[in-house]
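**Q** this is a predicted model, with the sequence first.
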Amino acid sequence: MKVVDRVLAGDRLALARLLTKIENNEPEGFSALNALYAHTGNAHLVGVTGAPGTGKSTLVNQLALHLRKSESDIWESAPTVGVVAVDPSSPFTGGAILGDRIRMRDLAGDTGVFIRSMASRGALGGLARATTGVVQALDAAGFDLILIETVGAGQAEVDIARTAHTTIVLSAPGLGDDVQAIKAGILEIADILVVNKADLPSADNTIRALRATLEMARPAQRRPHNWVQDQDMEGEVKETRSWEPPVLATIATKGEGIVELVQAIIEHRNHLQESHEWMDRERSRVRSELDDLLRDRLAERFFTDHPDGRYERAVEQVLARTLSPRQAIQRVIEGKSL
Ligand SMILES: Nc1nc2c(ncn2[C@@H]2O[C@H](COP(=O)(O)OP(=O)(O)O)[C@@H](O)[C@H]2O)c(=O)[nH]1
Ligand SMILES: [Mg+2]
């Protein structure tokens, strides 16, 4: 059987091998993804982001455990769960792997769960692209819900979070990361805010600070697609309320607050579908993926067509301040002498 058929049939080993090929940018991985793409689009993609040490891995582990036990009218039975951990601060090889080890133990033997830790080698942009492929493969393999753990530090992580339908932003008391999160613009992508480590004494302050910040940021946060005008059967225009990101408290190590978090995830999913925002997000995701690919391919083609070192000469001229970056690129593109 071909790898694509094996993945579609639920062969975990074939899936694991395919994910490695995707991670390594192997052509075989891309061609499998091409064939699998028609089978994607069913999974609910849930991003979990936040500074290192906020408890993302622990929380994702608890979410997977609870989801496997949860009953809801969305899923006929407990949803199958894929986990993609993109956390350069705690890779499998060395570093803080405790969360991953606990995760492995608790969820081992459950065929309804598939966990993948992404290697942190290479540029973050490349990592973001590989993550997209890995998520697509898990989606095609039929996992109902895919949890994507990323460090909330930079643009690449924000991009990864943007690929999700529902983005959970985690913070914890004592890390001062509620302020960092706002700085990184991560608050703006939050659909659900979670203050983890609610067992710590200063948790109340963090929750209060976050609520206050959210209150202030709210007008700016109303992205246009959060307001949806729709016509009902009688042709009457009705307006769907925008989503107000809830602030929830959890103690991931004890599994406290997880039931409420699962509930919020389900509510957000319902909101997306009722307001048609689900399709909006799908569309903007497809668009940004195509934009990325177009940029890549055009640059690739440019370098294949121009192997004459003109680009290198442009770099030198910009370094020497004889041309500005814009002038240099203009000359390169127009084939002018350099
Ligand atoms: N006190 C407390 N510690 C927690 C909680 N959740 C996670 N931790 C601990 O915080 C540390 C970092 O957790 P981890 O899940 O690896 O964080 P990540 O880097 O965001 O993935 C670990 O030592 C966890 O045991 C919590 O709710 N309360
Ligand atoms: Mg982690």
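**A** Now that the structure is in, tell me what you want to look at. Ligands and ions are numbered 1, 2, ... in the order given.
**Q** tell me how far the residue in the stretch 1-150 of the chain that ligand 2 sits nearest to lies from residue 150.
**A** The nearest approach of the stretch 1-150 of the chain to ligand 2 comes at residue 57, 3.3 Å away (Cβ to the ion). C-beta here means a position set from N, CA and C on the backbone, and glycine is covered the same way. As judged by Cβ to Cβ, to the nearest Å, residue 57 and residue 150 stand 11 Å apart.
**Q** now swap in residue 52 and tell me
**A** To residue 150, residue 52 is 11 Å away according to Cβ to Cβ.
**Q** name the residue in those two with the higher neighbour count.
**A** Higher neighbour count among residue 52 and residue 150: residue 150, with 29 against 17, using other Cβ atoms under 10 Å.
**Q** where along this protein do the helices fall?
**A** For the chain, the helices defined by DSSP state H occupy 3-8, 12-23, 27-36, 56-69, 98-107, 124-140, 155-162, 177-183, 203-221, 258-274, 277-305, 310-319, 325-334.
**Q** anything in the fourth one near ligand 1?
**A** Going back to what we said before, that points to helix 56-69. Yes - residues of helix 56-69 contacting ligand 1 under Cβ under 6 Å from any ligand atom: 56-58.
**Q** so which elements touch that helix?
**A** Using 3 or more Cβ pairs under 8 Å, 6 or more residues apart in numbering; DSSP states H and E as the contact test, the elements touching helix 56-69 are strand 44-50, strand 81-86, helix 98-107, strand 113-117, strand 145-151, helix 258-274.
**Q** residues making contact with the last one?
**A** Defining contact as Cβ atoms under 8 Å, 6 or more residues apart in numbering, one finds that helix 258-274 is touched by 44, 46, 59, 62-63, 66-67, 70, 72, 74, 165-166, 168, 191-192, 194, 240, 243, 246, 248, 250, 252, 277-278, 281.
**Q** just the buried residues of the residues you listed.
**A** 44, 46, 59, 62-63, 66-67, 70, 165-166, 168, 191-192, 194, 243, 246, 248, 250, 252, 277-278, 281 (16 or more other Cβ atoms under 10 Å).
**Q** show me where pLDDT drops low in the stretch 51-200 of the chain?
**A** 70-75, 87-106, 119-126, 152-162, 176-186 (pLDDT under 70).
**Q** how does it look with 50?
**A** By pLDDT under 50, the weakly predicted segments of the stretch 51-200 of the chain are 90-99.
**Q** from residue 22, how far off is residue 28?
**A** Separation of residue 28 from residue 22 (Cβ to Cβ): 9 Å.
**Q** list the contacts of the closest residue in space to residue 107 that isn't next to it in sequence.
**A** Using Cβ to Cβ, 6 or more residues apart in numbering and skipping the chain neighbours, the partner closest in space to residue 107 is residue 113 (4.8 Å). Listed by Cβ under 8 Å, 6+ apart, the contact set of residue 113 reads 64, 68, 80-83, 107.
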